[in-house]
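Undergrad: Turn this into a structure:
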Amino acid sequence: QVQLVESGGGLVQAGDSLRLSCAASGHPVSMYVMGWFRQAPGKDHEFVASISWSNDKTYYRDSVKGRFTVSRDNAKNTVYLQMNGLKPEDTAVYYCAKSSEPYSEQHTSKTAFGFWGQGTQVTVSS
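TA: The predicted structure follows:
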């Protein structure tokens, strides 16, 4: 059973940057889509970014395009989310997730991800 542990969250000011990491253990994740989701207070989980198992395609929600970058290091079994130009509306708990199926072609639907980390808080002050 895979375990996903996020780190790198914190309290920053608008315009600052953060780099989130998601370390996977217990199972290699190289064959799986890896995604980032977030949940703001009173709201549902929403898709943020994902990277294909083949490591050649990335996907982003419109509001973070050009500011966030998702990447993976399969040798380290780790996925990253570089967040630049942070805005107060980016404030949320950020979750790393692994697709339920290997070689998945679903990259943005929450239902396609069956394994989740515990989340890391990102707070952006104005």
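Undergrad: center of the chain - which residue?
TA: A centroid search over the chain (Cα atoms, centre = their mean) returns Trp36, at 2.1 Å, as the residue closest to the centre.
Undergrad: mind checking how far the strand or helix carrying that one is from the chain centre?
TA: Element membership for Trp36 (DSSP states H and E) is strand 34-39. Distance of strand 34-39 from its chain centroid, counting by Cα atoms, centre = their mean, to the nearest Å, is 4 Å.
Undergrad: Buried residues, that strand. List them.
TA: By neighbour count on 16 or more other Cβ atoms under 10 Å, the buried set for strand 34-39 is 34-38. Glycine gets a C-beta too; all of them are placed from N, C-alpha and C.
Undergrad: For it, give me every contacting residue.
TA: Strand 34-39 is touched from outside by 20, 22, 45-51, 70, 72, 79, 81, 90, 92-99, 107-108, 110, 113, 116, 119, 122, with contacts defined as Cβ atoms under 8 Å, 6 or more residues apart in numbering.
Undergrad: following it, which helix or strand shows up next?
TA: Going down the chain from strand 34-39, the next helix or strand is strand 46-51, by DSSP H and E.
Undergrad: Turn the buried residues of strand 34-39 into CSV, including distance to Ser63 and pLDDT.
TA: Below are these laid out as CSV (distance: Cβ to Cβ, whole Å; pLDDT from 0 to 100):
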residue, distance to Ser63, pLDDT
Met34, 20, 98
Gly35, 16, 98
Trp36, 13, 98
Phe37, 13, 98
Arg38, 11, 98
